[in-house]
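[1] no sequence for this one, just the structure:
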DNA sequence: GACATTTGGGAAACCGGTGTCATTTAATCG
DNA sequence: CGATTAAATGACACCGGTTTCCCAAATGTC
């Protein structure tokens, strides 16, 4: 008589809640105590419809009672897939990254998924190989790609090739097939243009982003197009290509403020560069906003720390992180690959702009 | 005759590199091709000394050749431990978090470990339960605790109780037993005090951090003690307790700048509050540094973005992240529990201070 | 009432590694 | 040179889940 479903003879009866104190319960414990096979417990865990309602409830109640949580590693091993989401970034903006990851975790919390961060060098030759190794070794459930990495088509193709699902966060719809979170930068910068024009500015300078960022193009184009619709066309020397860095903002503003007539307003395509424009303006002894109006983009913490507080554009970054994670763990979306979520950032007016004087 | 070590008769010989194309090699493939048992391969993976040198080399060469990497999930399942490090934080400072995580990943890269982020609410009742569940469900190899969470002794005790190794990053040696990265804030703020005194400042204001942060106490005490050593004792109304926030910096500076005689220098215990002091000073029409010198702490990006650039204290945050990760994955340190790494931040002088005028 | 069909549930193999212990091989010794 | 001992290796169970396949009971059909 093999002691299989019965307690082993030597030990006291194990027909109920007598789990070894330190150890966590396993599927075998649940099955034994509930008096069903482990496969049935597995069916309950995976919400299989092939379990009678009363059986399901009995098992669920027991799992609840002993605080049983299936081991993600064992589950992952059997599924040949982990319960990890990768966050792949190459981005100097810490605020952006943390907002995304906090947002993603808003969604992930309680779902059984966890977020694994993977900073990398977007200019490295080993970028793709490194990300591929990361994805394959960890058998990631999916990855979130942040700009500017999200605009790297070779990377996206490589992920597709190894059947890794991914969500890209960017400011343009890059292709039809893959899920994305896109921020409608074009519409937001048009709002900036309208605002400056409505204040009465006509002599306007633009400090754009680096040409290898799609967002840079979108922001500049949205701004310039909207100005053009209102009859203002910026000459080339009023358009400076910056690098999304503080220093490039300084350089851009130096360039613009040296011109005659001097611009009465400058739009810098991110807050970093706007802060640089502040520096250039102050160094020239100009007062903001009396002599020069400045607008930024991102609504980073910096924007409200500057003096005077910077008028800028706010992105709902945390929401984007929430959405991205939701797209990855939501099974319904796996077939509906083209699901794309579009968010439009909006202007936040503070104290760095006023109508031109004189 | 059971076909165990021989290829199954129907299929073509599988004595060499004929892995199914799409799939990744497993330990069984390696064992079969190398002509050894999987246990021997396992020994090679785990650097067991019980393998003859030529066997080891043969297996290693093969693993290299087919690009075999052991599956962390399977390994973790057998080890009853994952290869994941948790980064647990409750901190508004994005720059700090990203620096730590990038630093930790500098160390982790290539080690087989990955970093899982876990933001949480330090004031929540479920904090400890949440972290415990995270650690146990993921069977984390270890966790890194960031301030102010690192100062929560109940949390540390809970981790100890479930035998989870951890490293705390803080500004005080909290206890002898557990490994820490401590930043010697006391020495750094003493340097600030010496600097301001040597410039000739005597009327000095201090905007401290919130009293529930140990770092706040350390920074204030280091500053005040050093001033006292130089014969300057600040009266109570020259000491303002801020909250490490921009707004509290504004309030603190308002309070200080309204006094007669007006302080000629203010030390704010982080850059956020220093930025607030800028705002308060500018609102009063004061010029920095001509009429008021200001020093911050952290050398966040903000410090160099402000105008004039802020004199502040630089922490080697990324190094701290590197060290923390190293302490967790370095097996030698497991017994040497008391290993503590102490780093001393240093003053970075920019343009926000000068000798008092008049 | 005999037979086909559905449905809930279980036994055993498996995912890719590691632990234990027995067994083979090589080295040492009297 | 056989016996003894140490070093290297292998067989097998196991970690905690899932998948495959099969069985028994319940239901439907004529």
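    Perfect, thanks for sending it. Keep in mind the model is a prediction, meaning the values are calculated, not measured.
[2] Could I get the pLDDT score of the closest residue to residue A:190 other than its chain neighbours?
    Counting by Cβ to Cβ, 6 or more residues apart in numbering or on different chains, residue A:190 lies nearest to residue A:226, which is 3.7 Å off, once chain neighbours are set aside. Backbone N, C-alpha and C define where each C-beta goes, glycine included. Looking at residue A:226, its pLDDT is 98.
[3] Roughly how far does residue A:226 sit from residue A:353?
    Going from residue A:226 to residue A:353 by Cβ to Cβ, to the nearest Å gives 16 Å.
[4] thinking again about what came up before, and the residue nearest to residue A:190, what is it in contact with?
    A:189, A:190, A:191, A:192, A:193, A:194 (Cβ atoms under 8 Å, 6 or more residues apart in numbering or on different chains).
[5] C-terminal to the one helix or strand residue A:42 maps to, what's the next element?
    Assigned by DSSP states H and E, residue A:42 belongs to helix A:38-45. With elements assigned by DSSP H and E, the helix or strand that comes after helix A:38-45 is helix A:53-66.
[6] where's the helix or strand just after that following helix relative to the chain centroid, distance-wise?
    On the C-terminal side of helix A:53-66, the closest following helix or strand by DSSP H and E is helix A:72-79. Centroid separation between helix A:72-79 and its chain, computed with Cα atoms, centre = their mean, to the nearest Å, is 27 Å.
[7] Tell me the buried residues in helix A:72-79?
    Buried residues in helix A:72-79, defined by neighbour count with 16 or more other Cβ atoms under 10 Å in any protein chain shown: A:72, A:73, A:75, A:76, A:77.
[8] Spatially nearest residue to the first one (excluding sequence neighbours)?
    Pointing back at residue A:72 there. residue A:83 is the one closest to residue A:72 (Cβ to Cβ, 6+ apart), at 4.7 Å.
[9] Next one: that neighbour from residue B:118, what distance?
    Taking Cβ to Cβ, one finds residue A:83 at 14 Å from residue B:118.
[10] same deal with residue A:130?
    Going from residue A:130 to residue B:118 by Cβ to Cβ gives 24 Å.
[11] With neighbour numbers in mind, choose between those two.
    residue B:118 (21 against 17; other Cβ atoms under 10 Å in any protein chain shown).
[12] Wait, the more buried one touches residue B:84, no?
    No: Residue B:118 is not in contact with residue B:84 according to Cβ atoms under 8 Å; the separation is 10.5 Å.
[13] Tell me the residues that contact both of these two, please.
    Residues touching both residue B:118 and residue B:84 by Cβ under 8 Å, 6+ apart: residue A:114.
[14] same question for stretch A:59-77, mean pLDDT?
    Per-residue scores along stretch A:59-77 average to 94.
[15] What's the local residue count around the residue in the stretch 101-250 of chain A positioned nearest to DNA strand D?
    In the stretch 101-250 of chain A, no residue comes nearer to DNA strand D than residue A:112, which is 10.5 Å away by Cβ to the nearest atom of the strand. Neighbour count of residue A:112, defined by other Cβ under 10 Å: 14.
[16] Just say helix, strand or coil for it.
    coil (DSSP: H, G, I helix; E, B strand; the rest coil).
[17] Could you report the pLDDT at the residue of the stretch 151-300 of chain A found nearest chain B?
    Nearest residue of the stretch 151-300 of chain A to chain B, counting by Cβ to the nearest Cβ: residue A:275, 4.2 Å away. Here the pLDDT value assigned to residue A:275 is 98.
[18] do the same with the one 10 residues further on
    Confidence at residue A:285, expressed as pLDDT, is 96.
[19] Now do the contacts for it.
    Residue A:285 neighbours (Cβ under 8 Å, 6+ apart): none.
[20] How about the one 3 residues further on?
    By Cβ under 8 Å, 6+ apart, the contact list for residue A:288 reads A:278, A:281, A:282, A:294, A:308, A:352.
[21] what's the most distant pair in those?
    A:282 and A:352 (12.3 Å; Cβ to Cβ).
[22] related to what we said a few turns ago, tell me if I'm right that the residue of the stretch 101-250 of chain A closest to DNA strand D and residue A:83 touch.
    Yes: assessed by Cβ under 8 Å, residue A:112 is found in contact with residue A:83 at 5.4 Å.
[23] Overlap of the contact sets of the two?
    Joint contacts of residue A:112 and residue A:83 (Cβ under 8 Å, 6+ apart) are residue A:72.
[24] Enumerate the residues of chain A near DNA strand D.
    For chain A, the residues in contact with DNA strand D (Cβ under 7 Å from any atom of the strand) are A:23, A:26-28, A:38-39, A:41-42, A:45-46, A:68, A:70-71, A:74-75, A:77-79.
[25] of the residues you listed, buried ones?
    A:26, A:27, A:41, A:42, A:45, A:68, A:70, A:71, A:75, A:77.
[26] Against residue B:77, how distant is the fifth one?
    The reference is to residue A:45. Residue A:45 is 17 Å from residue B:77, by Cβ to Cβ.
[27] What about the residue lying closest to residue A:202 once chain neighbours are set aside, how many residues nearby?
    Nearest in space to residue A:202, with sequence neighbours left out and distances taken as Cβ to Cβ, 6+ apart, is residue A:232 at 6.3 Å. By other Cβ under 10 Å, the residues close to residue A:232 number 16.
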